[in-house]
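**Q** Just a sequence and a predicted model for now, questions to come.
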Amino acid sequence: MTDADPGTPNPPAVAARGLVKRYGPVAALDGVDLEVLPGEVHAVLGENGAGKTTLMRVIAGLEVPDEGDVELGGQTLTRFDPRLARRLGVALVQQHFTLVPRFTAAQNLVLARPGGARLPSRRAAAHRLDELAARYGLPVPAGAAVADLSVGEQQRLELLRALDGDPRMLLLDEPTAVLTEDEADGLLAVCRHLADEGRAVVLISHRLREVIDGADRVTVLRGGHVVEAGVATSGHDRSSLTRAMMGADGVVEAVVGGRAPRPLGATRLSIDGVRLGRLMPLDLEVHGGEIVGVGGVDGNGQVELEAVVTGRLAPEAGAVRVDGDPLHGPRQRIADGVAYVAADRYRYGLVRAMTYGDNLELGRSHPWRTSRAKREAAARERIDAWQVRGPRKGRAGQLSGGNAQKLVLARELVGQPSVVIACQPTRGLDPGAAATVAERLVTAAQDGAAVLSGGDELDELLAAADRLVVLCAGRQPTTFHPPWDRHAIGLAMAGVDAEAGATNSPPAATPGLVAPAAQPESVGR
């Protein structure tokens, strides 16, 4: 590498020119340029598979480009090495966690520190993590094992590990995908503070509101090419950014405004007096043809409820029933035709080392009864239908986060499931794919399934739900019906009882809707 002339103006923090990166016949990057200035938050947008993650990994030294150059702070890299990039002040937070599950949060902090910066004791490590958490407003229990942390807490820990190195360039690949809206706003405030200190922040996000509100400039990728290069976000709105990402022919309008009321079918999923960990006794009936959304701040019992409603854990009290029969474990869930999109796709949804086709067959009974050629043809048809983009004969672990999610959806939403449990189903998806998921959930309900859909994006929940339940502190949640009272919903998420709208019921004269039960209702995410 060569030193920059100290007499020249401040060089760009990151300058990538003509980057090309191929994986077999697939060009993830095809002549990509990117320039990020000190003191700015620069967003990188694109559909799933557009090349965003590959670009970040090249800048961080984790991938070697086939062509092109990268300058960091005016110094041209002569080799791509993550340790060299880290010494030059680059910190990357990847969308796939790099934590050791059986180690504590504090121990994972120590593992990520550069050589020679070890902390003297476990107590010192815990103190350092608590200090970082307080400074950046990202709380993580220092003594808890990573395996016991929620997905949101694990994401916060990854962010704190990057910030511990006091980076000059922070590369964030979908950092808010597993955070609540308030947590995401807090992270954007941290990014702005870092930029005000003269650092450069690169932000990949599919949440267009975050890009518009939090970034100074935006670069848009499509199919490995740059279609918008470092333009001011002030000149864009959500519609124009979506068109830039997907092209005029690729824009898909999201489902908005809820669905027309209609008669519901029989109860297909019931949760009767369920208790587990932080959960108080919870009761809920979900009918065929109904979509129930679940809102709430992360850490209010959603993890336990997801586990019990999918049969991964048995409740301490109460029971879960599918079509009237008690649910006993994941095998029965699969046999009963219950589709499950897990909040943590790699822990409960996919096997990284397996091929796409083999992942699509997980849970199927006797797949060997069909010839390998027919199974591969069926897998390719579903992969193409869901636009899963990656190496043609690759493994699930090689996919970007959004494409991995689409692989799960391609398996779970096939056929006519009796119940759909969708936990964070649009996490990491671009707007077009998210709209497709909403449409598939509506179709499943129209075909008679009972659908539970939980997530952090309130707009997405309200768009397709017939009912919304807000889980807070594990207790019986408040139930809402259209027309939605967003103020009352926000109060319920905060644990504040509102005199008006706390048990928002549908109008008595509205046909086709079931009146709410006497007790508030609950659903797992």
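**A** Perfect, I can see it now.
**Q** Endpoint to endpoint, stretch 40-50 covers what distance?
**A** Looking at stretch 40-50, the gap from its leading to its trailing residue is 23 Å under the measure CA to CA, to the nearest Å.
**Q** cool, and stretch 52-71?
**A** Distance between the boundary residues of stretch 52-71 (CA to CA) amounts to 18 Å.
**Q** buried residues in that stretch?
**A** For stretch 52-71, a neighbour-count test (16 or more other CB atoms under 10 Å) marks 52-61, 63, 65, 68, 70-71 as buried. Every residue, glycine included, has its C-beta placed from N, CA and C.
**Q** Give me the distance from it to the chain's centre.
**A** Centroid separation for stretch 52-71 versus its chain: 23 Å, with CA atoms, centre = their mean, to the nearest Å.
**Q** Same check on stretch 159-179?
**A** Using CA atoms, centre = their mean, the mean C-alpha position of stretch 159-179 is found 15 Å from that of the whole chain.
**Q** Could I get the CA-only coordinates of it as CSV?
**A** In CSV, the C-alpha atoms belonging to stretch 159-179 read as follows (Å, rounded to 0.1, in the frame of the first residue of the first chain):
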residue,chain,number,x,y,z
LEU,A,159,-22.7,-4.1,16.9
LEU,A,160,-21.0,-3.5,20.2
ARG,A,161,-18.1,-5.8,19.2
ALA,A,162,-17.6,-3.6,16.1
LEU,A,163,-17.8,-0.4,18.1
ASP,A,164,-15.4,-1.6,20.7
GLY,A,165,-12.6,-1.2,18.1
ASP,A,166,-13.3,2.5,17.7
PRO,A,167,-13.5,2.2,13.9
ARG,A,168,-13.0,5.0,11.4
MET,A,169,-15.2,3.2,8.9
LEU,A,170,-18.3,1.2,10.0
LEU,A,171,-19.9,-1.2,7.5
LEU,A,172,-23.3,-2.3,8.6
ASP,A,173,-25.0,-5.1,6.6
GLU,A,174,-28.7,-5.1,7.5
PRO,A,175,-28.0,-4.1,11.2
THR,A,176,-31.6,-3.2,11.9
ALA,A,177,-33.3,-6.3,10.4
VAL,A,178,-33.8,-7.9,13.9
LEU,A,179,-34.2,-4.6,15.9
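**Q** What is the burial count for residue 373?
**A** Residue 373 sits with 8 neighbouring residues when counted by other CB atoms under 10 Å.
**Q** SS state for it?
**A** Of the three states, residue 373 takes helix under DSSP: H, G, I helix; E, B strand; the rest coil.
**Q** What residues does it make contact with?
**A** Contact partners of residue 373, counting by CB atoms under 8 Å, 6 or more residues apart in numbering, are absent.
**Q** on that earlier part again, so which two of the buried residues of stretch 52-71 are the farthest from each other?
**A** 53 and 71 (20.6 Å; CB to CB).
**Q** Tell me the helices and strands packed up against the helix or strand where residue 306 lies.
**A** Element membership of residue 306, judged by DSSP states H and E, is helix 302-309. Helix 302-309 sits against strand 267-276, strand 279-287, strand 419-423, strand 450-454, with contacts defined as 3 or more CB pairs under 8 Å, 6 or more residues apart in numbering; DSSP states H and E.
**Q** Quick check: end-to-end length of stretch 459-476?
**A** Here the two ends of stretch 459-476 are set 23 Å apart, with distance taken as CA to CA.
**Q** one step back: buried set for the helix holding residue 306?
**A** Counting neighbours by 16+ other CB under 10 Å, one finds that the buried residues in helix 302-309 are 302-309.
**Q** Also stretch 29-49?
**A** Of the residues in stretch 29-49, those scored as buried under the neighbour-count criterion (16+ other CB under 10 Å) are 29-30, 32, 34-38, 40-49.
**Q** and these, which of them are in strands?
**A** 29-30, 32, 34-36, 41-46 (DSSP state E).
**Q** Now, the buried residues of stretch 52-71 that are in strands?
**A** Taking DSSP E as the definition of strands, those contribute 68, 70-71.
**Q** From these, pick the one nearest residue 284.
**A** Once CB to CB is applied, the member of those that ends up nearest residue 284 is residue 70, at 52.2 Å.
**Q** ok, that closest one - contacts?
**A** The neighbours of residue 70, taking CB under 8 Å, 6+ apart as the test, are 14-17, 19, 58-59, 76-77, 80.
**Q** just for the stretch 1-150 of the chain, where's the confidence low?
**A** 1-9, 115-117 (pLDDT under 70).
**Q** hey, where'd the helices end up in it?
**A** 52-59, 82-87, 105-111, 122-136 (DSSP state H, counting those that start in this stretch).
**Q** what about dumping the CA coordinates of the longest one to PDB?
**A** In PDB, the C-alpha atoms belonging to helix 122-136 read as follows (Å, rounded to 0.1, in the frame of the first residue of the first chain):
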ATOM      1  CA  ARG A 122     -13.900 -11.700  33.000                       C
ATOM      2  CA  ARG A 123     -15.000  -8.900  35.300                       C
ATOM      3  CA  ALA A 124     -13.200  -6.400  33.100                       C
ATOM      4  CA  ALA A 125     -14.800  -7.800  30.000                       C
ATOM      5  CA  ALA A 126     -18.200  -7.600  31.500                       C
ATOM      6  CA  HIS A 127     -17.500  -4.000  32.700                       C
ATOM      7  CA  ARG A 128     -16.400  -3.100  29.200                       C
ATOM      8  CA  LEU A 129     -19.500  -4.600  27.600                       C
ATOM      9  CA  ASP A 130     -21.800  -2.800  30.100                       C
ATOM     10  CA  GLU A 131     -19.900   0.500  29.400                       C
ATOM     11  CA  LEU A 132     -20.400   0.100  25.600                       C
ATOM     12  CA  ALA A 133     -24.000  -0.900  26.000                       C
ATOM     13  CA  ALA A 134     -24.700   2.200  28.100                       C
ATOM     14  CA  ARG A 135     -22.800   4.500  25.800                       C
ATOM     15  CA  TYR A 136     -24.600   3.400  22.600                       C
END
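**Q** in stretch 343-353, what's buried?
**A** 343-346, 348-350.
**Q** before we move on, what about stretch 110-128?
**A** Counting neighbours by 16+ other CB under 10 Å, the buried set in stretch 110-128 is 110, 112, 119, 125-126, 128.
**Q** what about this structure, any weak spots by pLDDT?
**A** With pLDDT under 70 as the threshold, the chain has low-confidence stretches at 1-9, 115-117, 178, 180, 248-262, 298-299, 365-369, 474, 497-525.
**Q** contacts for stretch 443-452?
**A** Taking CB under 8 Å, 6+ apart as the criterion, the residues outside stretch 443-452 that touch it are 265, 267-269, 286-292, 294, 309, 339, 413, 416-422, 441, 523-525.
**Q** The same query, at a cut-off of 6 Å, please.
**A** Counting contacts by CB atoms under 6 Å, 6 or more residues apart in numbering, the residues outside stretch 443-452 that touch it are 265, 268-269, 286, 288-292, 416-417, 419-421, 441, 523.
**Q** Write a PyMOL command that selects only the buried members of those.
**A** Only the buried entries of those go into this PyMOL selection, using 16+ other CB under 10 Å:
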select buried, resi 268+269+286+288+289+290+291+292+417+419+420+421+441+523
